[in-house]
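Novice: below is the structure, and that's it, no one-letter string:
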Ligand code: FA5
């Protein structure tokens, strides 16, 4: 075994694998040099000493060369990795998409803020309610045809009366809860999701938002209502609106009104002031005495009030000129992003 030849061969090795192979061949457990150390028993002490010195020198030289080569390989590997993973900090970064509010949520929050600035508290209620809350508490007998109109999604779970819970069909289902929770007098709005077994079209969805308003105090009149709703709608639509009240029927109000609004605008073609069409915006009315009684309030003590229910999808569509309310919930980000 010529030392110089072995070292030369080692220096020629080009991969970590063949380096490992060479190590095993010479210095491994059964390697030539390792075995040579074990075959010195038939030599004289002097010869043994001499051979031992030669082998030791060879072993040390090879081990040193092997370690150097191994270090070279690992350095090469690190450099290659660094090269590959090099980050060019001068490149423009990837733009992270930010979250956007759904347009309905945006309008809902604006309406909450407006109501709060007018002294209303904001309540949330629950989306799962009893049949009692959704119908009877607001004076809709379970056999009333109106319950068919409100036909909805029933849950398997049953309430204390053994009746299936329902997903609320209108925020009026929270009137009883709000009045019981806060007592009277009360000024509250309750925005939230409602669910109906409705056929979906440009103005109907199976899930939609309403905002309920409840105002109860001593001697509240229709005039008070008209003033409150005019202020509220003007702030919501960001236009001074004129309100028209037509008779409408809902079992939980007496009298009940259908509310239309119109506003003045400058016609972009003529530059002249124009009046908009009457827009059917919401339903409302003076709270029926039975609703008060169901919530533990005695109407004979002079408590009166009004309630109103606004479809937030409809108001939002009107505010932004959107023709089909299904855009709000179809998950198309291009739509949501275009209103940020
Ligand atoms: C009601 O739900 C009554 N609770 C409103 C009310 C409250 C009257 C307080 C009197 C006093 P209505 O079913 O008309 O009324 O619904 C109110 C509004 O919710 C509608 O004008 C409409 O804007 C919206 N709405 C109703 N159904 C849907 C639907 N399927 N998709 C989208 N919006 C709807």
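Specialist: Done, it's in. Just so it is clear, the model here is predicted, and its values are computed rather than measured. Residues are numbered from 1 along each chain as shown.
Novice: residue 236 against residue 113, yeah?
Specialist: No. Residue 236 is not in contact with residue 113 according to CB atoms under 8 Å; the separation is 10.1 Å. Using the backbone N, CA and C atoms, a C-beta is placed for each residue, glycine as well.
Novice: residues contacting the closest residue to the ligand within the chain?
Specialist: The ligand sits closest to residue 311 of the chain, with a gap of 1.9 Å, by CB to the nearest ligand atom. For residue 311, the contact set (CB atoms under 8 Å, 6 or more residues apart in numbering) comprises 208-210, 282.
Novice: now swap in residue 185 and tell me
Specialist: Counting by CB under 8 Å, 6+ apart, residue 185 makes contact with 216-218, 303.
Novice: from the chain's centre, how far out does the longest strand along the chain sit?
Specialist: Taking DSSP state E as the criterion, the chain has its longest strand at strand 253-266. Distance of strand 253-266 from its chain centroid, counting by CA atoms, centre = their mean, to the nearest Å, is 34 Å.
Novice: partner strands of it and their direction?
Specialist: strand 241-248 (antiparallel), strand 273-275 (antiparallel), strand 279-287 (antiparallel) (DSSP bridges).
Novice: just say which of the ones you listed is most tucked in.
Specialist: Highest mean neighbour count of those: strand 279-287, a mean of 22 (counted as mean count of other CB atoms under 10 Å).
Novice: which strands and helices sit next to the next helix or strand after it?
Specialist: Scanning forward in sequence from strand 279-287 by DSSP states H and E, the next helix or strand is helix 289-294. Packing partners of helix 289-294 (3 or more CB pairs under 8 Å, 6 or more residues apart in numbering; DSSP states H and E): helix 175-182, strand 303-311.
Novice: which of those sits most buried?
Specialist: Mean neighbour count (mean count of other CB under 10 Å) peaks for strand 303-311 among the helices and strands packed on helix 289-294, with a mean of 23.
Novice: centre of the chain to that one, how far?
Specialist: With CA atoms, centre = their mean, you get 31 Å for strand 303-311.
Novice: which positions in this protein make contact with the ligand?
Specialist: Residues of the chain lying close to the ligand by CB under 6 Å from any ligand atom are 170, 172, 196, 198, 204-205, 208, 210, 250, 253, 256, 283-285, 307-309, 311, 313-314, 325.
Novice: picking up where we left off before, closest to residue 31 out of the strands paired with strand 253-266?
Specialist: Ranking those by proximity to residue 31 (CB to CB) places strand 279-287 first, at 93.0 Å.
Novice: angle of the closest one against helix 175-182?
Specialist: 60 degrees (axes from the mean of the first three to the mean of the last three CA atoms, to 10 degrees).
Novice: need the next SSE after the helix or strand bottoming out on mean pLDDT in the chain, C-terminal direction.
Specialist: Across the helices and strands of the chain, the lowest-confidence element by mean pLDDT, DSSP states H and E is helix 145-149, at a mean of 58. Reading on from helix 145-149 to the C-terminus, the next helix or strand found by DSSP H and E is strand 154-158.
Novice: state the mean pLDDT of that following strand.
Specialist: Strand 154-158 shows a mean pLDDT of 92.
Novice: stretch 7-23 too?
Specialist: Mean predicted confidence for stretch 7-23 is 88.
Novice: per-residue pLDDT, the closest residue to residue 337 other than its chain neighbours?
Specialist: Spatially, and ignoring its direct neighbours in sequence, residue 337 is nearest to residue 100 (5.9 Å; CB to CB, 6 or more residues apart in numbering). Residue 100 is assigned a predicted lDDT (pLDDT) of 82.
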